[in-house]
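Engineer: Attaching a predicted model along with its sequence, questions to come.
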Amino acid sequence: LERGKDGLQVYLMAELPSNILMAEEFSEHIDGFSIGSNDLTQLTLGLDRDSSLVAHIYDERNPAVKRSISNLIKVAKKSKTKIGICGQGPSDYADFAQFLVEEEREIYFSFGRMNPPTIGHEKLLEKLSSTSGSSPYRMYLSQSYDAKSNPLQYKEKVKTVRKMFPRHARGVILNSKLRNVMEVAASLYKEGYKRVTMVVGSDRVVEFKTILEKYNGKKARQGFYNFQRMNIVSAGALDPDAPVATGMSASKLRESAKANDFRTFSQGLPRSFSNKNSKDLFNSVRKGMNLKPVKEWKYHVALDTLSE
């Protein structure tokens, strides 16, 4: 038998603690995990459930067993590997079944300005998608609007981001009630998520970690959330929303629009974004900065000086 041939899939029985400890390595060679909670409990606790001497302490709800299962689910999500269970726990204990459901309730998200969106933001979305594994992910945009740093209005910005990055369009959220990261967190908690991971530029990890942890479990004006697990992870060194106009940042594109330099502006956009869409975005940014739209597009090509 050969994995992949005629649709053959290979699953690993996750009933040995060592299989769970090495789950990340195994995930590269299999199609799915099957949690054998009966034997996993025995081998984790070091007892025989059929022995009258120790059977009374056999319990699949033991914290050590649940932690092992939780870690395996996390690996499966990250590697996008299928996972199921074949033990008696879910049928014997309603709270164990609820535990499994809650382990699945995890979401990944990010929050940013994207004013305007650039190829740098595409890298952020790709990182958000790859980090989430099989869990859902969402991108929330700020609603700030001003001529200097936020020339695109909220609804237009969401529409543009969805059009520019169609692979992530469903994850780009339009909800005018969510104006900051605390309101986003409260909304996700209200939906039933118990675990969240926020993906942001490396220079903003500490900032968001401080804010979100400060209000976790506390009632505030922005709403209430009380996550069991909350992670803030880095998307990399470059923050495409950074005020410094280096690389293909939103700041550099705004400067290009202000200088009426469409060539430089377009270099900060994905190649898949059409020329017409690029020009429309260019003029939308200029309009938001209280500048006249460009109607005639002229390209200046600098030639080397001829030697005498």
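Structural biologist: Cool, got the structure.
Engineer: what does stretch 57-73 contact?
Structural biologist: Outside of stretch 57-73, the residues within contact range by CB atoms under 8 Å, 6 or more residues apart in numbering are 14, 17, 20, 23, 33, 35, 37-38, 40-42, 44-45, 47, 49, 83, 87-89, 92-93, 95-96, 99-100, 103-104. Glycine gets a C-beta too; all of them are placed from N, C-alpha and C.
Engineer: meant to ask about stretch 206-215, not that
Structural biologist: Residues outside stretch 206-215 that contact it (CB under 8 Å, 6+ apart) are 111, 181, 182, 185, 198, 200, 222, 225, 230, 232.
Engineer: Measure how buried the nearest residue to the fourth one once chain neighbours are set aside is and give me the count.
Structural biologist: Spelled out, that is residue 185. Counting by CB to CB, 6 or more residues apart in numbering, residue 185 lies nearest to residue 225, which is 4.6 Å off, once chain neighbours are set aside. By the criterion of other CB atoms under 10 Å, residue 225 has 25 neighbours.
Engineer: Could you tell me the model confidence score at residue 225?
Structural biologist: Turning to residue 225, the model gives it a pLDDT of 96.
Engineer: Got the phi and psi for it?
Structural biologist: phi -150, psi 150 (degrees, to the nearest 10).
Engineer: Would you indicate which residues of whichever helix or strand residue 264 is part of are buried?
Structural biologist: Residue 264 is part of helix 262-267 when elements are defined by DSSP states H and E. Residues of helix 262-267 classed as buried by neighbour count (16 or more other CB atoms under 10 Å): 262, 265, 266, 267.
Engineer: who's in contact with the residue nearest to residue 223 when sequence neighbours are not counted?
Structural biologist: In space, not counting the residues next to it along the chain, residue 223 is nearest to residue 186; the distance is 2.7 Å by CB to CB, 6+ apart. The neighbourhood of residue 186, defined by CB under 8 Å, 6+ apart, consists of 222, 223, 224, 225.
Engineer: Please spell out the ChimeraX selection for the buried subset of the residues you listed.
Structural biologist: Selection of buried members from the contacts of residue 186 for ChimeraX, criterion 16+ other CB under 10 Å:
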select :222,223,225
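Engineer: Tabulate the contacts of residue 186 (TSV), appending secondary structure and distance to residue 126.
Structural biologist: Output for those, formatted as TSV (DSSP: H, G, I helix; E, B strand; the rest coil; distance: CB to CB, whole Å):
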residue	secondary structure	distance to residue 126
222	coil	29
223	strand	30
224	coil	32
225	coil	27
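Engineer: of the contacts of residue 186, closest to residue 145?
Structural biologist: The closest of those to residue 145 turns out to be residue 222 (CB to CB; 19.7 Å).
Engineer: can you give me the helices in the stretch 1-150 of the chain?
Structural biologist: 17-21, 23-26, 37-45, 63-79, 89-92, 94-104, 119-132 (DSSP state H, counting those that start in this stretch).
Engineer: can you pull up the bridge partners for the closest residue to residue 129 other than its chain neighbours?
Structural biologist: Leaving aside its sequence neighbours, residue 129 sits nearest to residue 137 (CB to CB, 6+ apart; 6.0 Å). Beta bridges link residue 137 to residue 108, judged by DSSP bridges.
Engineer: re earlier: which strand or helix spans the residue nearest to residue 223?
Structural biologist: Per DSSP H and E: residue 186 is located in helix 181-190.
Engineer: Flag every buried residue along that helix.
Structural biologist: In terms of neighbour count (16+ other CB under 10 Å), helix 181-190 has its buried residues at 181, 182, 183, 184, 185, 186, 187, 188, 189.
Engineer: need the contact list for the fifth one.
Structural biologist: Think residue 185. Applying CB under 8 Å, 6+ apart, the residues contacting residue 185 are 196, 212, 215, 223, 225, 227.
Engineer: can you do 7 Å?
Structural biologist: 196, 212, 225 (CB atoms under 7 Å, 6 or more residues apart in numbering).
Engineer: which one of those is nearest residue 125?
Structural biologist: Closest approach to residue 125 among these (CB to CB): residue 196, at 17.3 Å.
Engineer: contact partners of stretch 279-292?
Structural biologist: Counting by CB under 7 Å, 6+ apart, 116, 147, 151-152, 156, 160, 254, 257-258, 262, 265, 293-294, 297 sit against stretch 279-292.
Engineer: Using JSON lines, lay out these together with pLDDT.
Structural biologist: Shown next, in JSON lines, are the contacts of stretch 279-292 (pLDDT from 0 to 100):
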{"residue": "116", "pLDDT": "96"}
{"residue": "147", "pLDDT": "94"}
{"residue": "151", "pLDDT": "97"}
{"residue": "152", "pLDDT": "97"}
{"residue": "156", "pLDDT": "97"}
{"residue": "160", "pLDDT": "97"}
{"residue": "254", "pLDDT": "96"}
{"residue": "257", "pLDDT": "96"}
{"residue": "258", "pLDDT": "95"}
{"residue": "262", "pLDDT": "95"}
{"residue": "265", "pLDDT": "95"}
{"residue": "293", "pLDDT": "92"}
{"residue": "294", "pLDDT": "92"}
{"residue": "297", "pLDDT": "76"}
